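In: Here is the input, now give the coordinates:
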Amino acid sequence: MSGSRKRKVDSECRVFNKEWTAKYFFVESRSMAVCLICQETVAVFKEYNLSHHYNTKHGNYASKQTSQQREAIALRLAAKLHAQQSIFHKQNAIQEAKSKEKFEKISLSCRTVTRRVELIEEDIATTLITKADSFDFYSIALDESTDIKDTAQLLIFIRGINNNFEIMEEFLAMELLKGTTRGEDLFDHVSAGLEKMRLPWSKLVNVTTDGSPNLTGKKFVLLKRIQDRVKEDDPDKDVIFLHCIIHQESLCKSVLQLNHVANTVVKIVNFIRAKGLQHRQFIKFLEDTDADHEDLLYHSRVRWLSLGKVFELVWEIRTEIGTFLESQGKSDAFPELSDKTWLSDFAYGVDIFSHMNDLNVKLQGKDQYVHDMHTNVTAFKSRFSLFSKQISKKNFAHFPTLATLKEDIQDVKKYSRSLDDLHGEFSCRFTDFAKI
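Out: Have a look, this model is predicted:
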């Protein structure tokens with residue numbers, strides 16, 4: 001390989017510069033840059049990353065001090081950090097020595113490991129059965145999917161509450177569906193899972209599904225069988241059936257009619273990342289131009305947050321992408337990057353997906369209650385009317401990305417109509433929660 005193509009670490013800013021300690025209050029620790037002020041780490045030794053962290057989070061810190069005073073402050077903070085790390089390393093070494101001594105006494109033969117795994121499984125099952133006996137009511141969540149080997153799997157989660165208002169949420173079972181996956185088959189596996197844990201049907205109050213056709217098909221076989229089984233024990237009881245609130249929020253994106261934008265963005269990402277050499281050249285190009293980002297992300301339809309993240313990243317480096325495509329002689333393959341109307345739609349997509357991703361994050365996590373989740377959805381839905389009125393008046397206060405192109409926007413009414421359609425879709429999809 002010629003000398004001009006050799007990778008030079010110094011020229012790529014991958015060596016920590018000691019001047020950054022007084023300038024940005026960072027030191028090198030374990031091959032990472034550590035902020036002396038907040039102890040956050042930056043993995044890549046790049047001056048832009050360090051300056052961005054300092055300016056956005058600690059811009060006013062020691063800003064009026066002289067360079068000598070800043071050096072003194074940096075030394076004091078570095079000494080304090082070193083003392084904290086020394087204590088941690090000492091304690092960690094003691095714990096590792098004790099763990100190693102205990103580990104050496106454990107028999108690790110195949111038979112022993114198998115037996116102990118089985119004992120752990122029995123202990124977890126026994127604990128769950130004991131807790132389930134005290135449930136006054138419980139609900140289950142069902143998620144049916146297929147792995148990479150086309151094996152259908154049914155995941156069952158449970159949440160129960162006792163008379164002391166203590167709530168327990170656990171993973172109940174994973175059932176492999178080796179044959180057909182009709183509603184009757186799914187019901188048999190759900191019934192077997194509940195009976196194995198000795199959970200009475202009469203205490204079941206809610207079933208939440210992920211919305212797959214097998215779980216909520218036209219004939220609703222699974223849901224009907226569950227309702228009929230509950231009524232056998234308690235004729236007056238009606239089970240509440242809900243569709244996963246996060247899944248419904250994701251499905252609402254379909255009314256935005258931004259497929260022409262998404263398809264082009266995904267096509268650009270796939271073009272750059274499809275070939276290893278081309279991908280490496282693009283990363284090198286971003287490094288040479290000191291871009292805000294170092295690579296592109298793939299979009300996965302399974303991961304609901306990914307499209308918004310990909311939109312945001314491609315938008316922020318769209319200029320660098322255009323220059324790179326031109327250097328590869330492929331600028332004509334993506335004329336949309338110079339189309340003002342398409343760019344306006346792209347900017348609108350960046351902003352609206354950012355809003356929806358914020359809601360999506362609020363809906364995730366353990367120990368979430370349905371009334372809190374529905375409150376977040378209702379509050380978010382009410383904002384669409386405000387957004388629609390503002391955009392119709394060319395007020396882009398809540399759409400900062402679109403605001404950068406406000407002079408080029410020819411038709412703001414289509415964005416207003418899009419928000420009205422999104423409001424209607426939210427109102428339609430979440431009616432089951434409103435009935436609770």
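In: In terms of secondary structure, what does the helix or strand harbouring F171 contact?
Out: Assessed by DSSP states H and E, F171 sits inside strand 167-177. Strand 167-177 sits against helix 110-133, strand 152-161, helix 183-196, with contacts defined as 3 or more Cβ pairs under 8 Å, 6 or more residues apart in numbering; DSSP states H and E. To be clear about C-beta, it is placed using only N, CA and C from the backbone, and glycine gets the same treatment.
In: which sections of this protein are below the confidence cut-off?
Out: Within the chain, the set of residues satisfying pLDDT under 70 comprises 1-13, 86-94, 103, 105-107, 211-220, 247, 249-251, 285, 288-305, 432-436.
In: ok, which stretches of it are strands?
Out: Assigned by DSSP state E, the strands in the chain fall at 26-29, 32-35, 41-42, 137-146, 152-161, 167-177, 204-209, 240-243.
In: what's the longest helix in this structure?
Out: Counting by DSSP state H, the longest helix found in the chain is helix 67-104.
In: For that one, which helices and strands make contact with it?
Out: helix 19-24, strand 26-29.
In: Now the last one: buried residues?
Out: Think strand 26-29. For strand 26-29, the neighbour count (16 or more other Cβ atoms under 10 Å) marks F26, V27 as buried.
In: Pipe the strands of the chain into JSON lines and attach distance to L119 per row.
Out: Conversion of these to JSON lines gives the following (distance: least, Cβ to Cβ, whole Å):
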{"stretch": "strand 26-29", "distance to L119": "42"}
{"stretch": "strand 32-35", "distance to L119": "40"}
{"stretch": "strand 41-42", "distance to L119": "40"}
{"stretch": "strand 137-146", "distance to L119": "26"}
{"stretch": "strand 152-161", "distance to L119": "22"}
{"stretch": "strand 167-177", "distance to L119": "19"}
{"stretch": "strand 204-209", "distance to L119": "30"}
{"stretch": "strand 240-243", "distance to L119": "37"}
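In: List just the one of the ones you listed that sits closest to S109.
Out: Proximity to S109, assessed across the strands of the chain by Cβ to Cβ, is greatest for strand 167-177 (27.4 Å).
In: what lines up beside that closest one in the sheet?
Out: Sheet pairing of strand 167-177 (DSSP bridges) gives strand 152-161 (antiparallel).
In: Can you give the contact residues for the strand it pairs with?
Out: Residues from elsewhere that reach strand 152-161, judged by Cβ atoms under 8 Å, 6 or more residues apart in numbering: 131-132, 135-147, 167-178, 181, 186, 189-190, 193, 197, 199.
In: of the residues you listed, buried ones?
Out: For those, buried by 16+ other Cβ under 10 Å: 131-132, 135, 138-144, 172-173, 175, 177, 181, 186, 189-190, 193, 197, 199.
In: what about L172, distance to S139?
Out: Using Cβ to Cβ, to the nearest Å, one gets 11 Å for the distance from L172 to S139.
In: Equivalent analysis for Y61, please.
Out: 49 Å.
In: same question, A78
Out: With distances taken as Cβ to Cβ, A78 is found 53 Å from S139.
In: Report the outermost residue of this structure with respect to its centre.
Out: Q68 (43.8 Å; Cα atoms, centre = their mean).
In: Can you give the domain ranges for this protein?
Out: For the chain, automatic domain parsing gives the domain ranges 8-86, 117-243, 251-434.
In: what's the neighbour count on N259?
Out: 9 (other Cβ atoms under 10 Å).
In: Can you give me the distance of it to E104?
Out: The value you get for N259 to E104, if Cβ to Cβ is used, is 59 Å.
In: try L223
Out: 54 Å.
In: which one of these two has more residues nearby?
Out: Using other Cβ under 10 Å as the criterion, L223 and E104 rank with L223 on top: 20 against 7.
In: picking that back up, how about residues contacting the strand holding F171?
Out: Against strand 167-177 from outside (Cβ under 8 Å, 6+ apart): 128, 131, 140, 144, 151-161, 185-186, 189-190, 192-193, 196-197, 366-367.
In: The same query, at a cut-off of 6 Å, please.
Out: Contacts with strand 167-177, where a contact means Cβ atoms under 6 Å, 6 or more residues apart in numbering, come from 131, 152-161, 189, 193.
In: go on, stretch 356-364?
Out: By Cβ under 6 Å, 6+ apart, stretch 356-364 touches I246, L305, G308, M373, N376, F380.
In: buried stuff in it?
Out: Using 16+ other Cβ under 10 Å as the test for burial, stretch 356-364 gives M356, N357, L359, N360, K362, L363.
In: Also stretch 401-414?
Out: Residues of stretch 401-414 classed as buried: T401, L402, A403, I409, V412 (neighbour count, 16+ other Cβ under 10 Å).
In: distance of the residue lying closest to E336 once chain neighbours are set aside from V377?
Out: Distance criterion Cβ to Cβ, 6 or more residues apart in numbering; nearest residue to E336, sequence neighbours excluded, is W342 at 4.3 Å. Relative to V377, W342 is positioned 31 Å away (criterion: Cβ to Cβ).
In: again with L307
Out: 19 Å.
In: same question, A74
Out: Counting by Cβ to Cβ, the gap from A74 to V377 is 47 Å.
In: ok, now Y348?
Out: In terms of Cβ to Cβ, Y348 sits 22 Å off from V377.
In: same thing with I409?
Out: From I409 to V377 the distance is 29 Å (Cβ to Cβ).
In: same check, this time on K275
Out: 42 Å.
In: same thing with N360?
Out: Computed as Cβ to Cβ, the N360 to V377 distance reads 11 Å.
In: Any buried residues in the longest helix of the chain, and which?
Out: Across helix 67-104, burial judged by 16+ other Cβ under 10 Å covers R70, I73, A74, L77, A78, L81.
In: Those: which two are farthest apart?
Out: The most widely separated members of these, counting by Cβ to Cβ, are R70 and L81 (16.1 Å).
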